[in-house]
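S.K.: build me a model from this:
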Amino acid sequence: MKVTVEFYGRTRRLTKTAEVEIDIGKVIVTLRDVAVALAKTFPELLSKILSSETFEPLESYKFNINGKYVAQNLDVNVKNGDKILLMPIEAGG
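M.R.: Residues are numbered from 1 along each chain as shown. A predicted model of the protein is given here:
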C-alpha cells in the first residue's frame, strides 16, 4: 500500500524534499505505520517534528489526510493513494 506524504515549512527543510511516496508492506495501515516509516526514511525528523518514542507529531505539528481531516491520533486508518500532509499547525486554517 502506498501513500504520499507532503512536507511544508521546517519539515521540508529537514527532509530536503517536498513530498515522498511511502510504500507500507501491509494491507491495513494506520497513520502510526506511516509515521514509523517516515522516521526510518528521515531520522532527522525525530525529536524535532516526531517523538522519538511514540512517533506522534510534536505539539506544534499535525498530520492532515487528503486536505480534509486533521488526525487527532495515529490510530487512524489510511488508504492506498491517500495524500498525507505533515505540517505545522499554524499553517492550517
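S.K.: drop to CA atoms for contacts and neighbour counts, all remaining ones
M.R.: Will do.
S.K.: which parts of this protein are strands?
M.R.: Along the chain, counting by DSSP state E, strands occupy 2-7, 19-23, 29-30, 61-65, 69-70, 77-78, 83-88.
S.K.: which elements pack onto the second one?
M.R.: Other helices and strands packing on strand 19-23, by 3 or more C-alpha pairs under 8 Å, 6 or more residues apart in numbering; DSSP states H and E, are strand 2-7, helix 31-41.
S.K.: out of the strands of the chain, which gets nearest to S47?
M.R.: When those are compared by C-alpha to C-alpha, strand 61-65 sits nearest S47, at 12.0 Å.
S.K.: let me know the angle separating that closest one from strand 2-7.
M.R.: 140 degrees (axes from the mean of the first three to the mean of the last three C-alpha atoms, to 10 degrees).
S.K.: ok, the lowest-mean-pLDDT helix or strand in the chain: who's next to it in the sheet?
M.R.: When the helices and strands of the chain are scored by mean pLDDT, DSSP states H and E, strand 69-70 comes last with a mean of 92. Paired neighbours of strand 69-70 in the sheet (DSSP bridges): strand 61-65 (antiparallel).
S.K.: other residues contacting the strand it pairs with?
M.R.: Outside of strand 61-65, the residues within contact range by C-alpha atoms under 8 Å, 6 or more residues apart in numbering are 49, 57, 70-72, 82-89.
S.K.: now for F42: which residues touch it?
M.R.: T15.
S.K.: if you set the cut-off to 10 Å instead, what comes out?
M.R.: 11, 14-16, 36 (C-alpha atoms under 10 Å, 6 or more residues apart in numbering).
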